[in-house]
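> Sequence unavailable; structure follows:
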């Protein structure tokens with residue numbers, strides 16, 4: 001109710017306007033069109049309206065009519081009258097109810113309805129309006145305020161239909177005889193059961209947002225159901241209205257449509273059967289492979305594990321990418337941000353990490369947010385090609401989906417991952433990407449008329465991502481020791497990491513892998529910037545063999561980059577500088593890795609031991625990658641005991657390191673004879 005109408009009703013109460021007075025006002029207003037023409041005319045002054053009211057209306061209602069004429073269109077009087085009488089009944093402890101029925105109740109039934117309304121509201125008396133509606137088939141529906149008590153035959157038949165459909169879903173082989181049995185039992189046990197429902201009314205709808213009046217007791221995040229069957233989630237609660245995002249098309253919803261509460265918050269079905277499937281943000285299959293049998297139902301919004309429920313990150317989650325595993329290692333339960341401009345290989349790093357989890361007892365979940373459907377289809381094809389769909393779930397909300405589904409998508413993916421984590425399993429979740437997620441949430445907030453903050457984002461956008469990423473952790477042994485490792489992806493503009501969303505997620509995560517456009521376009525792929533990338537936790541989880549093999553790699557690369565800048569315009573260089581530049585160029589070449597070719601721990605360790613030991617300095621840089629491939633094949637075939645020891649023990653002692661260096665020397669002799 002608008003504030004001006006509230007003022008009018010307040011004035012009417014102060015003037016003690018009765019129902020009889022209201023009827024007199026309505027009679028005068030409806031007597032001739034000239035009255036409306038004067039009182040509703042904006043060009044007529046307030047003084048002239050006051051004079052007209054004084055001549056037409058009695059002194060007891062003069063102040064109320066004057067306020068109405070000045071502040072509201074008089075044609076709205078019937079609406080204001082209805083609201084005033086309802087509030088007057090509340091003041092006098094009289095309840096008002098609407099009864100919808102097929103045939104009008106007799107006197108005994110009418111008194112019974114009055115008694116029911118008084119009992120439910122605690123009122124001393126009740127006024128009942130009878131509305132006839134043949135569509136309810138039989139019985140009646142009582143509406144008291146925002147609550148509806150449905151005792152109609154139509155509701156019972158709908159309940160029977162739902163029961164039959166649920167039983168049919170549980171078993172695809174339900175026979176006709178079984179369906180008839182269900183119907184007989186339901187009809188046999190038929191009785192009018194009062195089902196209380198809180199009902200709201202749609203005021204406006206559009207752009208995936210519905211504004212609802214009523215639903216006074218609805219919870220934030222609760223699912224509401226529209227009469228056309230579309231579901232929505234409450235995202236904004238104000239004094240008189242509720243803002244709701246829709247999980248479907250709004251074409252079947254219009255102003256005046258009814259909405260009812262579900263009394264449960266948004267959630268998704270979860271279970272082992274989801275592995276290998278592609279689902280949307282609501283957990284519904286979209287890969288054309290049939291229904292998915294769920295084992296449980298989890299809320300999309302869950303509290304993050306507490307400190308006492310966690311344990312430190314101590315096990316590596318190897319990406320198979322040499323540049324990352326050696327310098328910016330990721331541990332199980334860590335949150336490592338992948339950040340960079342568009343088309344710099346962010347998704348490629350995430351996919352390589354998923355490919356590398358094959359046979360490592362890790363469930364992977366790829367969450368596509370706002371991606372083109374064709375892009376997602378290509379990614380699913382790549383996953384199938386590498387055999388990764390055997391342990392991967394794809395949760396997809398494409399660019400064609402409404403902002404509401406893009407908003408809920410990462411929370412749904414995390415809920416699915418939590419199902420496996422609390423069963424003691426390790427999970428990897430890739431959020432691709434949270435920049436589009438923030439944009440979707442901004443669109444929702446703007447449509448809900450929330451105030452803007454920095455860079456046009458709402459003030460709670462930090463909480464949006466923090467409550468999502470805090471759910472990634474490694475659980476204590478008492479809770480099964482499962483983990484969720486998060487790889488959120490953020491897209492920057494022109495390499496600027498100081499904007500709102502990137503700085504938010506950098507402060508939430510445990511490190512970042514920064515991909516630089518200049519490196520990418522120069523052919524250095526993955527284009528990892530050594531200076532801006534960091535892992536704040538993974539070093540504690542890094543395999544000891546890798547930690548020792550990497551040695552001074554990061555420092556050497558940093559020195560090389562600095563030396564390269566200072567010497568790029570100099571032609572007269574001493575031998576030491578030339579040797580260091582050649583060594584640095586060799587390191588950069590070794591760190592190049594094609595998409596879809598993750599390296600095992602043993603291959604990475606052997607490569608690094610030889611590089612730090614400067615065993616490749618005589619190899620021309622342009623032939624170094626082919627040399628590396630042949631050398632590693634040599635180790636796999638002729639030095640398999642070394643490779644097996646690295647994979648099993650994961651420790652690089654001096655003896656093993658010397659064996660690797662000796663074997664590289666032997667290979668270099670063979671290579672020199674054949675190639676050089």
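Yep, that arrived. These numbers were taken from a predicted model, which means no experiment stands behind them.

> Return the distance of residue 580 relative to residue 561.
To residue 561, residue 580 is 12 Å away according to Cβ to Cβ, to the nearest Å. (Each C-beta comes from the backbone N, C-alpha and C, glycine too.)

> what about the two, which has more around it?
residue 580 (18 against 14; other Cβ atoms under 10 Å).

> gap between the more buried one and residue 562?
Taken as Cβ to Cβ, the span from residue 580 to residue 562 is 11 Å.

> mind checking how far stretch 295-304 is from the chain centre?
Distance of stretch 295-304 from the chain centroid (Cα atoms, centre = their mean, to the nearest Å) equals 12 Å.

> hang on, I meant stretch 319-326
On Cα atoms, centre = their mean, the centre of stretch 319-326 falls 29 Å from the chain's centre.

> contacts for it?
316, 318, 330, 349, 352-353, 355-356, 513, 526, 528, 542, 546, 549-550, 553, 590-591, 593, 598-601, 604, 607-608 (Cβ atoms under 8 Å, 6 or more residues apart in numbering).

> In that stretch, which residues are buried?
By neighbour count with 16 or more other Cβ atoms under 10 Å, stretch 319-326 contains the buried residues 319-326.

> what's the answer for stretch 252-265, then?
By 16+ other Cβ under 10 Å, the buried positions in stretch 252-265 come out as 253, 257-261, 265.

> One more: stretch 229-241?
For stretch 229-241, a neighbour-count test (16+ other Cβ under 10 Å) marks 230, 232-236, 241 as buried.

> so what secondary structure elements neighbour the lengthiest helix in the chain?
For the chain, the helix that runs over the most residues, judged by DSSP state H, is helix 654-674. Other helices and strands packing on helix 654-674, by 3 or more Cβ pairs under 8 Å, 6 or more residues apart in numbering; DSSP states H and E, are helix 601-612, helix 624-638, helix 640-649.

> try it again with 6 Å
Contacts defined by 3 or more Cβ pairs under 6 Å, 6 or more residues apart in numbering; DSSP states H and E place helix 654-674 against helix 601-612.

> and the helix it packs on, average pLDDT?
For helix 601-612, mean pLDDT rounds to 94.

> Can you give me the distance of residue 462 to residue 503?
According to Cβ to Cβ, residue 462 and residue 503 sit 9 Å apart.

> If you count surrounding residues, which of those two has more?
residue 462 (20 against 13).

> So residue 560 lies in a strand, does it not?
No - looking at residue 560 with DSSP: H, G, I helix; E, B strand; the rest coil, it is helix, so not inside a strand.

> Double-check that residue 367 belongs to a strand.
Yes - checked against three-state DSSP, residue 367 lies within a strand.

> List of residues touching stretch 633-646?
545, 602, 605-606, 659, 663, 667 (Cβ atoms under 6 Å, 6 or more residues apart in numbering).

> Could you rerun that using 7 Å?
For stretch 633-646, the surrounding residues in contact (Cβ atoms under 7 Å, 6 or more residues apart in numbering) are 545, 601-602, 605-606, 656, 659-660, 663, 667.

> So for the top strand by length along the chain, mean pLDDT?
Using DSSP state E to define each element, the chain has its longest strand at strand 195-206. Strand 195-206 comes out with an average pLDDT of 82.

> That strand pairs with which strands, and in what direction?
Next to strand 195-206 in the sheet, as set by DSSP bridges, lie strand 147-152 (antiparallel), strand 209-214 (antiparallel), strand 258-265 (antiparallel).

> so how far is that strand from its chain's centroid?
24 Å.

> which sections of the chain are below the confidence cut-off?
Applying pLDDT under 70 to the chain picks out residues 1-22, 26-37, 39-40, 58-81, 84-86, 88-92, 163-196, 569-571, 675-676.

> re the thing from before, return the subset of the contacts of stretch 319-326 lying in helices.
Under the assignment DSSP H, the contacts of stretch 319-326 contribute 349, 352-353, 355, 546, 549-550, 553, 590, 601, 604, 607-608 to helices.

> related to what we said a few turns ago, max pairwise distance over the buried residues of stretch 252-265: which two?
Within the buried residues of stretch 252-265, 257 and 265 form the most distant pair, 22.1 Å apart (Cβ to Cβ).

> Make JSON lines from the strands paired with strand 195-206 and add distance to residue 45 to it.
JSON lines is the format used below for the strands paired with strand 195-206 (distance: least, Cβ to Cβ, whole Å):
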{"stretch": "strand 147-152", "distance to residue 45": "46"}
{"stretch": "strand 209-214", "distance to residue 45": "35"}
{"stretch": "strand 258-265", "distance to residue 45": "43"}
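
> Quick one: closest of those to residue 272.
Between residue 272 and the strands paired with strand 195-206, the shortest gap by Cβ to Cβ is with strand 258-265, which sits at 23.4 Å.

> what's the offset of the helix or strand that contains residue 126 from the middle of its chain?
Using DSSP states H and E, residue 126 maps to strand 125-132. Chain-centre distance of strand 125-132: 45 Å, with Cα atoms, centre = their mean.

> Mind giving me the packing neighbours of it?
In terms of contacts (3 or more Cβ pairs under 7 Å, 6 or more residues apart in numbering; DSSP states H and E), strand 125-132 is packed against strand 94-101, helix 107-121.

> centre of the chain versus stretch 276-286, how much separation?
14 Å.

> Show residues contacting that stretch.
Residues from elsewhere that reach stretch 276-286, judged by Cβ under 7 Å, 6+ apart: 247, 268-269, 287, 289, 291-292, 380, 389-390, 393-397, 405, 408-409, 412.

> Quick one: the buried residues of stretch 319-326 as a markdown table, columns for secondary structure and distance to residue 140 too.
Converted to a markdown table, the buried residues of stretch 319-326 look like this (DSSP: H, G, I helix; E, B strand; the rest coil; distance: Cβ to Cβ, whole Å):
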| residue | secondary structure | distance to residue 140 |
| --- | --- | --- |
| 319 | coil | 65 |
| 320 | coil | 67 |
| 321 | coil | 68 |
| 322 | helix | 74 |
| 323 | helix | 72 |
| 324 | helix | 68 |
| 325 | helix | 70 |
| 326 | helix | 74 |
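
> Need the residue closest to the centroid of this structure.
residue 408 (2.5 Å; Cα atoms, centre = their mean).

> element containing it, please.
Assigned by DSSP H and E, residue 408 belongs to helix 403-421.
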